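Enquirer: What follows is a predicted protein model with its sequence.
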Amino acid sequence: WVVGLAAGAAVVWAVALNVTDGIDGGLLRGLESPRHEYPADVARIDDPLRFLSGFTEDIDRYVTHVRGHPPGFLLLLWVLDRVGLSGVPTAAAVSIAGAGLAAACVVVVVRDVAGEDLARRAVPFVGAAPAALWMASSADALFAGVGALAVALVVLATGRSGRRSDLLALGGGVVGGLALMGSYGMVLVACVPAAVAWRRRRGRPLLVAGIGGAVVLGAFAGAGFWWVEGLRATSGEYRDGIASLRPYRYFVVANVAAFALAVGPATAAGLARLRDPGLWV
């Protein structure tokens with residue numbers, strides 16, 4: 001019930017913040033841009049295999065956010081469109097679901113590494129973190145949710161043994177591979193379960209998770225999209241585009257500032273009072 005409460009609070013708070021500008025002005029506007037956002041390019045996909053195999057070569061044909069990410073989210077929107085769930089509202093709904101999933105997984109991980117008391121005390125801050133401002137109006141919310149699920153599964157695997165541990169780790173690896181198909185930056189999320197595995201001295205779950213992730217990357221490679229080539233193509237788009245106005249050293253500083261704003265002062269205060277070594281890691 002507490003995990004469900006965290007998820008519900010995250011969804012309600014994120015939606016409430018965004019609808020202060022109205023459904024169209026706040027909740028949907030972030031995904032409506034014909035120059036920058038994913039829904040504008042769904043119609044470009046006529047055949048998914050052709051889309052994947054030609055993604056890196058045709059990358060400059062797509063809108064800004066498609067060029068800046070792997071093709072996973074756009075492919076998901078195409079699948080949803082095929083079954084009758086099309087348009088910006090669907091993209092927004094998927095993103096909002098990601099916000100709830102992320103909050104739930106954070107609580108599960110905290111409980112596993114630091115106990116139920118700290119997990120319960122963290123719930124209000126997880127649900128109401130300033131990051132909620134982005135959680136109902138951006139595909140990043142879905143990436144956060146899928147990445148958090150991958151982390152949770154692998155962390156749970158490090159605290160268990162035998163077949164159950166292997167299944168959790170394998171599932172975490174597969175989900176992590178899917179997260180990598182949404183955002184190149186998701187590779188950094190692997191640091192979290194790696195730190196927990198190091199503290200618990202459990203290397204096997206990381207190995208099994210790596211196999212699961214490799215299966216997903218291999219499947220996409222077999223369909224025509226190689227993740228490394230996609231990252232290289234996106235880097236080229238950055239150098240030829242916004243880099244002239246926002247050099248990489250700007251992002252190094254700006255990303256730290258954005259992170260500090262997203263987690264909020266309550267997180268800093270909570271860390272200062274934290275005494276549990278498991279959660280510090």
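Expert: Received the coordinates, thanks. Just so it is clear, the model here is predicted, and its values are computed rather than measured. Numbering: from 1, shown residues only.

Enquirer: Output the longest helix belonging to this structure.
Expert: Assignment by DSSP state H gives helix 88-114 as the longest helix of the chain.

Enquirer: That one: what's the following helix or strand?
Expert: helix 116-128 (DSSP states H and E).

Enquirer: Which positions in that next one come out as buried?
Expert: Using 16 or more other Cβ atoms under 10 Å as the test for burial, helix 116-128 gives L118, A119, A122, V123, F125, V126, G127, A128. C-beta here means a position set from N, CA and C on the backbone, and glycine is covered the same way.

Enquirer: and what of stretch 222-234?
Expert: By 16+ other Cβ under 10 Å, the buried positions in stretch 222-234 come out as A223, G224, F225, W226, W227, G230, A233, T234.

Enquirer: Then stretch 35-46?
Expert: Buried residues in stretch 35-46, counted by 16+ other Cβ under 10 Å: E37, Y38, P39, A40, D41, V42, I45.

Enquirer: Stretch 180-198 too?
Expert: In stretch 180-198, counting by 16+ other Cβ under 10 Å, buried: 180-184, 186, 189-190, 192-194, 196-197.

Enquirer: And the average pLDDT for that stretch is what?
Expert: For stretch 180-198, mean pLDDT rounds to 95.

Enquirer: That one spans what distance, first to last residue?
Expert: By Cα to Cα, to the nearest Å, the extent of stretch 180-198 from end to end equals 22 Å.

Enquirer: which secondary structure elements does the host helix or strand of F73 contact?
Expert: Per DSSP H and E: F73 is located in helix 72-82. Using 3 or more Cβ pairs under 8 Å, 6 or more residues apart in numbering; DSSP states H and E as the contact definition, the elements that helix 72-82 packs against are helix 48-53, helix 88-114.

Enquirer: Tell me which of these is the most buried.
Expert: A comparison of those by mean neighbour count, using mean count of other Cβ atoms under 10 Å, puts helix 88-114 on top with a mean of 22.

Enquirer: related to what we said a few turns ago, ok now the helix holding F73, how far from the chain's centre?
Expert: Helix 72-82 sits 16 Å away from the centroid of its parent chain (Cα atoms, centre = their mean, to the nearest Å).

Enquirer: Let me know the average pLDDT across it.
Expert: Helix 72-82 comes out at a mean pLDDT of 94.

Enquirer: With stretch 58-65 instead?
Expert: Rounded mean pLDDT across stretch 58-65 is 91.

Enquirer: Mind listing residues that contact that stretch?
Expert: 33-38, 40-41, 44, 66-67, 74, 139, 233-234, 237 (Cβ atoms under 8 Å, 6 or more residues apart in numbering).

Enquirer: Equivalent analysis for stretch 173-186, please.
Expert: Identification of contacts with stretch 173-186 by Cβ under 8 Å, 6+ apart yields 69-73, 75, 139-140, 142-143, 146-147, 149-150, 153-154, 187, 189-190, 208-217, 220, 227, 230-231, 234.

Enquirer: Save the buried residues of stretch 222-234 as TSV, and put in pLDDT, secondary structure and distance to F55 too.
Expert: Output for those, formatted as TSV (pLDDT from 0 to 100; DSSP: H, G, I helix; E, B strand; the rest coil; distance: Cβ to Cβ, whole Å):
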residue	pLDDT	secondary structure	distance to F55
A223	95	helix	10
G224	95	coil	8
F225	96	coil	5
W226	96	coil	10
W227	96	helix	11
G230	96	helix	7
A233	95	helix	8
T234	93	helix	10
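
Enquirer: for those residues, which one is nearest G162?
Expert: For the buried residues of stretch 222-234, the residue nearest G162 by Cβ to Cβ is W227; the value is 31.4 Å.

Enquirer: Many thanks, have a good one.
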